[in-house]
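Peer 1: Give me the fold of what follows.
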Amino acid sequence: MRVEKKKDVLTFYLNEDVDDYQISLIKEECIRLIDSVHPAKVILDFTDVSFVDSTGIGFVLARYKQCASNQCELVLRGLNQHHRVIFAMSGLFHLIKEEACL
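Peer 2: Residues are numbered from 1 along each chain as shown. Take a look at the predicted model:
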């Protein structure tokens, strides 16, 4: 995972599979950075992600709750069609919006 901070936006560039193993590697760093940086907006970029499982959905939902408690916006970016179907089925799009890649 690569992290970028520009002005008041914190972007997490996720890669590979967003599954139980990957989440165990990145979760604590994401929590720490969001809490310490206090961004106005957090972007989870899925451009380089090939697979998302239920742990990945839980991770996104937990970051949504964390951002809500920190009064910042969470958006998803770089979703492929498979990601969109999974997130739509989970109901996440009722809480989190998708942003087009720039």
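Peer 1: Tell me, how many residues neighbour Asp24?
Peer 2: For residue 24 the amino acid is Ser, not Asp. For Ser24, the neighbour count with other CB atoms under 10 Å is 10. Placement of C-beta: from N, CA and C, glycine included.
Peer 1: er, Lys5 I mean
Peer 2: 11.
Peer 1: would it count as being in a helix?
Peer 2: No. Going by DSSP: H, G, I helix; E, B strand; the rest coil, the assignment for Lys5 is strand, not a helix.
Peer 1: now it, nearest residue through space, not along the chain?
Peer 2: Val37 (6.3 Å; CB to CB, 6 or more residues apart in numbering).
Peer 1: Looks like the one you found contacts Thr11 (just checking).
Peer 2: No. Contact criterion CB atoms under 8 Å: Val37 and Thr11 do not qualify, at 11.1 Å.
Peer 1: Buried residues in the top strand by length along the chain, which are they?
Peer 2: Assignment by DSSP state E gives strand 41-52 as the longest strand of the chain. For strand 41-52, burial by neighbour count (16 or more other CB atoms under 10 Å) applies to 41-46, 49, 52.
Peer 1: immediately after it, which helix or strand?
Peer 2: Sequence-wise, the next helix or strand downstream of strand 41-52 (DSSP states H and E) is helix 54-69.
Peer 1: What's the mean pLDDT across that next one?
Peer 2: Helix 54-69 carries an average pLDDT of 96.
Peer 1: What of stretch 3-16?
Peer 2: Regarding stretch 3-16, the rounded mean pLDDT is 96.
Peer 1: Common neighbours of Val37 and Thr11, please.
Peer 2: Common neighbours of Val37 and Thr11, using CB atoms under 8 Å, 6 or more residues apart in numbering, are Lys5.
Peer 1: Off-centre distance for the lengthiest helix in the chain?
Peer 2: Using DSSP state H to define each element, the chain has its longest helix at helix 20-37. Computed by CA atoms, centre = their mean, to the nearest Å, the chain-centroid distance of helix 20-37 equals 10 Å.
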